[in-house]
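Participant: predicted structure and sequence below. I'll ask about it afterward.
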Amino acid sequence: MDALLQFIFSGMTVGAVYALVALGFTIIYNASDVVNFAQGEFVMLGGMITVFAHQAGLPLPLAAVLAILATAALGVALNKLAIEPARGAPVVSLIIITIGASILIRGATQLIFDKQLHRFPSFSGDDPIRVMGATILPQSLWVIGGAVAVFVALWLFFTRTLTGKAVLATANNRVAAQLVGINTGWVMTLSFGLSAAIGALAGVLVTPITLVSYDVGVALALKGFAAAMLGGMGNPKGALLGGLLLGLLEALTAGYLSSQYKDAVAFIVILGVLFVMPQGIFGHKSTERV
């Protein structure tokens, strides 16, 4: 029982990170139908910039805020310089552009910073909290709480604000949104900036636990994508649940089978969703008139 609870704690921690990545996917997908595979690099940048800003002498909270703002600015630049000029291109072409951006960001980070693993101090110390024979790090509570807080904020944003409804309207029908006066270009810029900021926040929260280096973004993007597909692409509630479920599946696989197989879980989830439930848990079947 103690071991099971320990696996659950570990799974919820890593699952909360996957949920934050999936939420980033969800925002951009809702605004443009584009799957942004540079999302994992935003997580990496959040951790890397915080590390080096803190090493340069900035207080940790200020370094974290700087990292989030800088990454959000990069997200806006990605939209303005790469996505917006190719707006008329097929969706597949836009996805390939995001893959290229991911490779570019990873290479630039390697040159600007280094190839080493880094971390910074935990927010609330490293003394574990004991719960029924298992332990959980205080930083894990920050990660889980951060994922829940971002989900609630996004839910309120999409359901209670005019700007959030404008994002959904743009996703549903860009031309119709423009006809009623919605600035769809601004909506896209906002979506990329917000998605990048959420990714950077995930990096800030998880780096004291998992460490960060220039190449961690690829795996995070893949697993965040698997979580978004599992929950239902474009659904914030599905992104949260999908991330937590994927994290739990990974932890239980590593605990009861072997850690060698845990990275295969994301691939199995993607294939399973595609074959059995293409719309995901909270997704809706769509029909298109031809």
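Facilitator: Noted; the coordinates are in hand. Numbering: from 1, shown residues only.
Participant: what packs against the lengthiest helix in the chain?
Facilitator: Of all the segments of type helix in the chain, defined by DSSP state H, the longest one is helix 2-32. Judged by 3 or more Cβ pairs under 8 Å, 6 or more residues apart in numbering; DSSP states H and E, helix 2-32 is in contact with helix 39-55, strand 134-136, helix 138-160, helix 162-172, helix 184-210, helix 217-231, helix 236-256. (Each C-beta comes from the backbone N, C-alpha and C, glycine too.)
Participant: for these, which one sits closest to residue 125?
Facilitator: Smallest distance to residue 125 across these (Cβ to Cβ): 6.0 Å, for helix 138-160.
Participant: mind checking how far the closest one is from the chain centre?
Facilitator: The chain centroid and the centroid of helix 138-160 are separated by 12 Å, computed with Cα atoms, centre = their mean, to the nearest Å.
Participant: if we can go back for a sec, what's the angle from the longest helix of the chain to helix 236-256?
Facilitator: Angle of helix 2-32 versus helix 236-256, following axes from the mean of the first three to the mean of the last three Cα atoms, to 10 degrees, is 150 degrees.
Participant: what is the mean pLDDT for helix 2-32?
Facilitator: Average pLDDT, helix 2-32: 89.
Participant: stretch 221-232 now?
Facilitator: Average pLDDT, stretch 221-232: 89.
Participant: mind saving the C-alpha coords of that stretch as PDB?
Facilitator: This file holds the C-alpha atoms of stretch 221-232, laid out as PDB (Å, rounded to 0.1, in the frame of the first residue of the first chain):
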ATOM      1  CA  ALA A 221       6.100  17.900 -26.100                       C
ATOM      2  CA  LEU A 222       5.400  14.300 -27.000                       C
ATOM      3  CA  LYS A 223       3.900  13.500 -23.600                       C
ATOM      4  CA  GLY A 224       1.900  16.700 -23.500                       C
ATOM      5  CA  PHE A 225       0.500  15.900 -26.900                       C
ATOM      6  CA  ALA A 226      -0.400  12.400 -25.700                       C
ATOM      7  CA  ALA A 227      -2.100  13.900 -22.700                       C
ATOM      8  CA  ALA A 228      -4.100  16.400 -24.800                       C
ATOM      9  CA  MET A 229      -5.200  13.600 -27.200                       C
ATOM     10  CA  LEU A 230      -6.200  11.300 -24.300                       C
ATOM     11  CA  GLY A 231      -8.300  14.000 -22.700                       C
ATOM     12  CA  GLY A 232      -9.700  15.400 -26.000                       C
END
